[in-house]
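Colleague: have a look at this prediction, sequence included:
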Amino acid sequence: MNSRILLLCLIYLACNPQPRSDELKGLWKLLSMQEQKNGATTWEDYPKKMQGYLLYDGQGYMSLHMTIENYQLKKLDFKDLSDSSSIEELKHRALSYNYMAAYKIDYDNKVVTHHRLSHSNPLEWNKSVKRSFATHGDTLILETMDRPKGKIRVTWIRQIQ
């Protein structure tokens, strides 16, 4: 009798696996960014010093906003989006990169897929991108898997879980 109960419990657990906790959940602050050009074996600091935040809500949605360092310190009189913008303003706004996406985690392969819902680049709307990931305590490392010009590796520090 006891072996039957044990067998039923094992079958139940196999058919109904417990959901994994979302180890990416939280607000992350950009720590560093590196680039590996096509054919290279070494990583170099990304040519522009960057800053930014990454947010995974733990319910399948995420948001990313990255800018050049000190982006927010530029003294420009930004207009409403319905007004025309100066060339200087447009150039500065081009240094801001952001998107929102639905995400799915493949824990077995340590890959997160971002299904972009919107993007600062209109050509990137509704596209999916894959990132390998590794976590070490409050550190998250994401690496591009589908970038045609080489790889980018970004290291984040958790701010809030």
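Modeller: On my side now, so go ahead.
Colleague: next, count neighbours for the closest residue to residue 48 other than its chain neighbours.
Modeller: Take residue 48 and drop its neighbours on the chain: the residue closest to it by Cβ to Cβ, 6 or more residues apart in numbering is residue 68, 5.5 Å away. Quick note: C-beta positions are derived from backbone N, CA and C, even for glycine. Here the number of neighbours of residue 68 (other Cβ atoms under 10 Å) works out to 16.
Colleague: measure residue 68 to residue 108 for me?
Modeller: Using Cβ to Cβ, to the nearest Å, we find residue 68 at a distance of 36 Å from residue 108.
Colleague: residue 65 too?
Modeller: Residue 65 is 30 Å from residue 108, by Cβ to Cβ.
Colleague: looking at those two now, which is surrounded by more residues?
Modeller: Per other Cβ under 10 Å, whichever of residue 65 and residue 108 has more neighbours is residue 65, with 17 against 6.
Colleague: how about the more buried one, secondary structure?
Modeller: The three-state label given to residue 65 by DSSP: H, G, I helix; E, B strand; the rest coil is strand.
Colleague: ok, residue 83 next?
Modeller: Applying three-state DSSP: residue 83 is coil.
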